[in-house]
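Peer 1: Here is the input, now give the coordinates:
(chains A, B and C)
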Amino acid sequence: MNSPILKISGLTMDFGGIRALNRLELDVNAGEIVALIGPNGAGKTTFFNCLTGIYKPTAGEIMLTPPGSSKSISLKGLKPNHVTEKGLARTFQNIRLFSQMTVLENVMIGRHCRTKAFILGAIFRNAATRKEEKQIVESSAAILEKVGLADQANEFAKNLSYGAQRRLEIARALATEPFLLLLDEPAAGMNPQETHELDRLIREISKDGQSILLIEHDMKLVMSLSDRIFVMDYGKKIAQGKPSEIRANPAVIKAYLGEDVDA
Amino acid sequence: MDYFIELFFSGITRGAIYALIALGYTMVYGIIGLINFAHGEIYMIGAFTSFIVATVLSIYGFPLLAIVLLSGVAAVIWSSAYGYTVEKIAYKPLRHAPRLSPLISAIGMSIFLQNYVLLAQTSDFLPFPELIPDFPFMEPVAHIVGSSDLIILITTAIIMLILTFIIKFTRVGKAMRATAQDRTMAMLVGINVNQIISVTFIIGSALAAIGGLLIASHIGQINFYIGFLAGIKAFTAAVLGGIGSIPGAVLGSLVLGLTESFATGYVSSDYEDVFAFSLLVLILIFKPSGLLGKAETKKV
Amino acid sequence: MSGLKVIKKALLTSLWFVFLTFPIMVIKVDPVERIIRWRWQNSLYVALGTFCVYLLAQFILQRKIKKLESQTEQDSLPKESVIHRILANPKQRNLLIVALSAVILAFPLFSSSYQTNVMITALMYVVLGLGLNIVVGMAGLLDLGYVAFYAVGAYSYALLNHHFQLGFWAVLPIGGGLAALFGILLGFPVLRLRGDYLAIVTLGFGEIIRLILENWSEFSKGPSGISNISRPGLFGIELSLDSAIIYLYYLMILFVIVTIFIVNRLQDSRLGRAWIALREDEIACQAMGIDKRKTKLVAFSLGAFWAGIIGVVFAAKTTFVNPASFTFLESAIILSIVVLGGMGSIVGVIFGAMILILLPEYLRALSEYRMLAFGAILVAMMVFRPQGLISNIRRTYRFEKTHSLNVK
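Peer 2: Here you go, the predicted model:
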């Protein structure tokens, strides 16, 4: 369980003269839930964008090692779609669903990179394509049931409640069969009830052996879920450790939690 | 050498007129991020209005100076009115629509206005009255620089100065710059954003109208279709300079005017328009931020 | 707004438009004869027209607002239109299909060649619309130079027929293929551009193709065009003009059916879903592992392919091509068809083509105002009904609930 599937070393990202990420080091082990926290503007989302190929990092290395494999793949400089193909899937801080598509179709899109049918398959709909389509629908439906959205499968995504939209984003990312799931502030804007459901959902997914890296501001959620926590400030890692260690770390308290350490 | 200077001045003149139209594109783009496809038509309507007014006045025997001034004023008034109305009808309701919706609406507006003028007036080319006389003091250099070139250059220069003043130093100009930077923030500090957008359209249209008047009297004929090509070329100039940037629009226009003039003068005039379109395509593909524009960073 | 206030605003708007249209609508000058005609009656028409249009627009807007208010936050899929309801009922659908195919098949028998010809044109636009619909409606790429691919098809048949006497059927796949190739060639550089820039670049590309055809006389015979192109042959038999038209009519019916079949299947495929996702959100789409470039390129070249095919048909139908047939306005007409019908909706595009091509033909008085109306339609549709007359209905899937895992 303890081999790292994601290892990031010396990751640096410059925008013009601004250094958004400064020699960041981070690793995620198989099956772990790792949280990345830090004040607003610390560079957390920039970090995700570098990881998923939306930005090209200035320097550093991102290595992904699929569980059970000894070969590592570098993700640095890959296009976003290739990163997803290699086994990294993400959600977005500001929800980015395909609003004119149904809930089920949103998840089916996630199956895209694991399936093959193309122009000829679409037109002639041969046996292989029909089988593939059937599998796409079934596996997508199964994921929807897992996140509790099966009843709304044929609704438009935009008509879902806020919490449900966030869960749909997770479902969509899961459909790509990632080795590592990246969640960008999954609890942002949720009410306590929804956050509680999210907590259960993430645990449920984690129980299946899914490794998870999440950015989150809700300290209660982070402390209860995470195996390990990384703390960032001004693009740098300032601390890492178990939740109990982070809670007691003076640097973290100073930089991030400030005076009210009630979490 | 004379030929070179002749081409140079004809290029600068072209560039000056493109600049008058290009400013409208660039200001509107800067403020609402829309390629105002109907802007070429506003220019065409300016040319038509000045044509109609000038012809009517000349039939009634007005003196030349009065004709020039009155037709210019009429062109500015009506073009601005059209620009204002087009924005209210075709763009304002789509302010929060997906990005392509206002563009499609703009294309529709452009086709509508072209055919409106075609139906209400004519599809023939109309001879535009000569509004700019040949000045006697220009006689010695007339084979290189015409009097109308001179007038066009001077008018454009004056207008640029006025525009720069408005944008840099007046309240409206400041509000325009604020709205261009961040519409929501501008609204929060009490700027009437809708009003500022209208003002932008009005200023842009007025400039296009003056461009319409100048080019029509320079070339000597107009028809309902002149807006399409002039619009595309001015847009090319705006993109070349960096769309959204006002000095960029002027620079881009001069570069486009000069290159067109030299290319047709030394190479061939058959492919004049192909040249402009190719330039447009190449810039958009290889340097969409243009000469003076800033590259956009995507936000996720 | 209260009724009186609306009337007052309508009057003011009318007044404004009377002012606005004054120089262009009222005054008409003849600069050569030096005559001025004052057409004051036009001001009256403008006033009345504006008044009515304003009230109508207000009415539509009010209804839209009311509808939005009455909708609860958790509304279901939008209400299906009459057409969708008919299509959903197998009995009604079959009846409709039988009746429609009877009319379609018998059409040339009870119409003149002229009318059959008009119908062929309409059918050509149906296919063009469906082709552009892949690009604009599904993949969300605003292609304003679609007519360039149409020209590629038409000129490939014209030139190959002129120089090498190649027949219609031989050139049909070549024309489509060449157009698709052009689509790929153009697509490579432009597809990474943002939506509105892409639109302008495709427009520029379309105009470049037309201007080259106009100026490169050695290649394309310039503005005078190429004439005496062969009509499609039927197993080597030379047909008379009338029977050639009827033959072409049935050919077009076949093309339309094949196109509908293919486009429908594409829409419900992995590829079609990727197109729609791409239209909705590019960044999310890439994050889901979809290759943006490849997916767009396929949409672009598939759309171009249909334009190429219809280009060949066009050359064969008119037996004459020249650059004047391939102006930007042609692209705008096809775009109007897609926008009016409903972007992404197959049924919508068919209706759009029929309305926009047939209506001006049969209402002769209207044909003069054709392009005016096309422009107005583009604006009005965007403002009042961006989803088009017949909006696309997303497919719903049925599945068995197998897992009992539920987090809630």
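Peer 1: alpha carbons only for contacts and neighbour counts from here, please
Peer 2: Noted.
Peer 1: So stretch A:143-158, near chain B or not?
Peer 2: No. Judged by CA under 8 Å from any CA of the partner chain, stretch A:143-158 and chain B are separated, with a smallest distance of 15.1 Å.
Peer 1: In the stretch 201-300 of chain B, mark out all the strands, start to finish.
Peer 2: With DSSP state E, counting those that start in this stretch as the criterion, the stretch 201-300 of chain B has strands at B:221-222.
Peer 1: Chain C now?
Peer 2: C:27-30, C:35-38 (DSSP state E).
Peer 1: The ones you listed into JSON lines, with extra columns for mean pLDDT and mean neighbour count?
Peer 2: Putting these into JSON lines (pLDDT from 0 to 100; neighbours: other CA atoms under 10 Å in any protein chain shown) gives the following:
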{"stretch": "strand C:27-30", "mean pLDDT": "90", "mean neighbour count": "18"}
{"stretch": "strand C:35-38", "mean pLDDT": "90", "mean neighbour count": "13"}
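Peer 1: low-confidence ranges in the stretch 301-408 of chain C?
Peer 2: C:394, C:399-408 (pLDDT under 70).
Peer 1: Break chain C down into its structural domains.
Peer 2: Domains of chain C are assigned by automatic domain parsing as C:3-70, C:113-384.
Peer 1: hmm, back to that, which of the strands of chain C sits closest to residue B:273?
Peer 2: Using CA to CA as the measure, strand C:27-30 is the one of the strands of chain C that comes nearest residue B:273, at 30.4 Å.
Peer 1: Give me the contact list for that closest one.
Peer 2: Residues from elsewhere that reach strand C:27-30, judged by CA atoms under 8 Å, 6 or more residues apart in numbering or on different chains: B:52, B:55, B:56, B:121, C:35, C:36, C:37, C:38, C:39.
Peer 1: Distance from the chain centre to it, please.
Peer 2: Chain-centre distance of strand C:27-30: 36 Å, with CA atoms, centre = their mean, to the nearest Å.
Peer 1: Mind telling me which residue of chain A is nearest chain C?
Peer 2: Nearest residue of chain A to chain C (CA to the nearest CA) works out as residue A:81 at 3.8 Å.
Peer 1: What residues does that residue make contact with?
Peer 2: Residue A:81 touches C:286, C:287, C:288, C:289, C:290, C:291, counting by CA under 8 Å, 6+ apart.
Peer 1: Out of these, which are close to chain A?
Peer 2: C:286, C:287, C:288, C:289, C:290, C:291.
Peer 1: Spell out which residues of the stretch 101-250 of chain B are next to chain A.
Peer 2: Checking the stretch 101-250 of chain B against chain A by CA under 8 Å from any CA, there are no hits.
Peer 1: just for the chain, where's the confidence low?
Peer 2: Since no chain was named, I'll use chain A. Residues of chain A that meet the cut-off, pLDDT under 70, sit at A:1-2, A:256-263.
Peer 1: should've been chain B
Peer 2: B:294-300.
Peer 1: For chain B, see how far away the closest residue to residue A:233 other than its chain neighbours is.
Peer 2: In space, and not counting its chain neighbours, residue A:233 is closest to residue A:42: 4.6 Å by CA to CA, 6 or more residues apart in numbering or on different chains. Applying CA to the nearest CA, to the nearest Å, the value for residue A:42 to chain B is 15 Å.
Peer 1: Adding neighbour count, pLDDT and distance to residue A:100, write the ones next to chain A among the contacts of residue A:81 out as JSON lines.
Peer 2: Shown next, in JSON lines, are the ones next to chain A among the contacts of residue A:81 (neighbours: other CA atoms under 10 Å in any protein chain shown; pLDDT from 0 to 100; distance: CA to CA, whole Å):
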{"residue": "C:286", "neighbour count": "24", "pLDDT": "92", "distance to residue A:100": "17"}
{"residue": "C:287", "neighbour count": "27", "pLDDT": "92", "distance to residue A:100": "18"}
{"residue": "C:288", "neighbour count": "33", "pLDDT": "92", "distance to residue A:100": "16"}
{"residue": "C:289", "neighbour count": "27", "pLDDT": "91", "distance to residue A:100": "19"}
{"residue": "C:290", "neighbour count": "28", "pLDDT": "93", "distance to residue A:100": "18"}
{"residue": "C:291", "neighbour count": "19", "pLDDT": "93", "distance to residue A:100": "20"}
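Peer 1: Among the residues you listed, name the ones in helices.
Peer 2: Mapping the ones next to chain A among the contacts of residue A:81 onto helices (DSSP state H) picks out C:286, C:287.
Peer 1: still on that earlier bit, with respect to residue B:271, which of the contacts of residue A:81 is nearest?
Peer 2: Nearest member of these to residue B:271, counting by CA to CA, is residue C:291, at 37.6 Å.
Peer 1: Excluding covalently adjacent residues, which one is nearest to the closest one?
Peer 2: Excluding the flanking residues, the one nearest residue C:291 by CA to CA, 6+ apart is residue A:81, at 5.8 Å.
Peer 1: Going by neighbour count, list what's buried in the helix or strand where residue B:199 lies.
Peer 2: Following DSSP states H and E, one finds residue B:199 within helix B:193-219. For helix B:193-219, a neighbour-count test (16 or more other CA atoms under 10 Å in any protein chain shown) marks B:193, B:196-218 as buried.
Peer 1: what about residue B:123, how many residues close to it?
Peer 2: The number of residues packed near residue B:123 is 15, by other CA atoms under 10 Å in any protein chain shown.
Peer 1: for residue C:169, that is, sorry about that
Peer 2: 14.
Peer 1: Contacts only, for it.
Peer 2: By CA under 8 Å, 6+ apart, the neighbours of residue C:169 are residue C:232.
Peer 1: Next one: it from residue C:39, what distance?
Peer 2: 55 Å (CA to CA, to the nearest Å).
Peer 1: before we move on, what about residue A:88?
Peer 2: Plainly put, residue A:88 is 70 Å away from residue C:39 if you go by CA to CA.
Peer 1: With neighbour numbers in mind, choose between those two.
Peer 2: residue A:88 (28 against 14).
Peer 1: what bridges to that one?
Peer 2: residue A:180 (DSSP bridges).
Peer 1: now stretch B:194-210, how far from the chain's geometric center?
Peer 2: 11 Å.
Peer 1: what's in contact with that stretch?
Peer 2: Contacts for stretch B:194-210 (CA under 8 Å, 6+ apart): B:20-21, B:23-25, B:27-28, B:31-32, B:39-40, B:42-47, B:72, B:75-77, B:79-84, B:87, B:172, B:175-176, B:179.
Peer 1: and chain C, which of those contact it?
Peer 2: Among the contacts of stretch B:194-210, the residues lying close to chain C (CA under 8 Å from any CA) are B:81, B:82.
Peer 1: Just the contacts of stretch B:194-210: which are in helices?
Peer 2: Per DSSP H, those map to helices at B:20-21, B:23-25, B:27-28, B:31-32, B:39-40, B:42-47, B:72, B:75-77, B:79-84, B:172, B:175-176, B:179.
Peer 1: How about the residues of the stretch 301-408 of chain C by chain B?
Peer 2: Checking the stretch 301-408 of chain C against chain B by CA under 8 Å from any CA, the hits are C:369, C:371-380, C:382-383, C:386.
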